[in-house]
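[1] Sequence first, predicted model second:
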Amino acid sequence: MQKSHPKLRDSAARDAHDTESSTCPEISSDLLLNSPTVAIRDVYCRGTCRDRSAEEHGRVTSLVFTYRGTYVRHVGQNQSVAEANQVLFFNAAESYRVSHPVSGGDASLSLIAHPTLLSEIAPPSILSNKSHATFCPHRLRIDARAQALVAMLRYSLREGSAEPLEAESLALTLLQRALGPRTTRGPRGSFGSQRMVDRVKLLLASDLTRRWTLSDIAAEVHGSPIYLTQVFQQVEGMPLYRYQLRLRLARSLDLLNRFDDLTDLALEVGFSSHSHFTAAFRRTYGRSPSAFKRAALGR
């Protein structure tokens, strides 16, 4: 369906390495796939550098899906909170800084595809330069299906259960999902409203299992509960409670391989019971946690 790009294989390993290099020595990464179509790295950061890092830039454009923890990426006056509901665009030669206001580190799946391939997949409206496949938005909110694809792709490559052709197909499906106008959403609202929503995101990320109330959140970010719910809905296009639920479920995707007992996993990510967790997981991802685990891990 897509044109092949035979020159990507040799350049991808070099570019993926350079893209993920950092002035902070606490970053490490594993190359999971390096094909003529796409290169995929699993990138880890200890997150001990709380303040903004020195200026960095990548050699090629990469799409970064954070699946554990959070950090903030600063591009000029713009900032993006990286967490499991988002894809961040690291454009080639674009300068940025990173800070970690929430402790605990983070992990992300980083995808690099040939610019021609990205230009074929991405709607023209989100590209600032089609020939180099650089993106206008700094981030987009992804849907639940894209979250599940990130987990499925990472597990299948880690476990060695996916042949290269299957892994490439999953990666292309993820790219299409992450860039599609019907499955993603850019932030809306004023600069001030987006900054307030960012503060809410960082607050939620600081304790995913806490049973937050609107009053608690509003007190922390210095706003009224009504205004907070309106602003969050405007900027992110979904209710605050659902956004938090998606963060907790995304955390469960990351932890599936560490828990044999799903009741323990449910409690770990803040659900009151196995049944509550299973029902929410099924509604969001279309299958039960045990079925997803069998498909992703083969067990």
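    Nice, thanks for sending it over.
[2] any weak-confidence spans in this protein?
    Residue ranges of the chain with pLDDT under 70: 1-25, 299.
[3] at 90 what do you get?
    Applying pLDDT under 90 to the chain flags the ranges 1-26, 36, 48-50, 53-54, 57-59, 114, 129-133, 160-164, 223, 296-299.
[4] Find the nearest non-adjacent residue to the residue lying farthest from the centre of it, please.
    Residue farthest from the centre of the chain, counting by CA atoms, centre = their mean, is residue 224 at 28.9 Å. With sequence-adjacent residues excluded and distances taken as CB to CB, 6 or more residues apart in numbering, residue 224 is closest to residue 218, at 5.9 Å. Bear in mind the C-beta positions are built from the backbone N, C-alpha and C, glycine included.
[5] where does that neighbour fall, helix, sheet strand or coil?
    Assigned by DSSP: H, G, I helix; E, B strand; the rest coil, the conformation of residue 218 is helix.
[6] Run through the residues that contact it.
    For residue 218, the contacting residues are 224, 225, 227, 228, by CB atoms under 8 Å, 6 or more residues apart in numbering.
[7] Now with 6 Å, please.
    Residue 218 sits next to 224, 225, 228 when contact means CB atoms under 6 Å, 6 or more residues apart in numbering.
[8] Check the gap between residue 265 and residue 108 for me.
    For residue 265, the distance to residue 108 equals 22 Å [CB to CB, to the nearest Å].
[9] From the neighbour counts alone, determine which of the two ranks first.
    The residue with more neighbours, out of residue 265 and residue 108, is residue 108; 27 against 21, by other CB atoms under 10 Å.
[10] Tell me which strands whatever helix or strand the more buried one lives in pairs with, and in which orientation.
    Using DSSP states H and E, residue 108 sits within strand 106-113. Counting by DSSP bridges, the strands paired with strand 106-113 are strand 38-45 (antiparallel), strand 62-69 (antiparallel).
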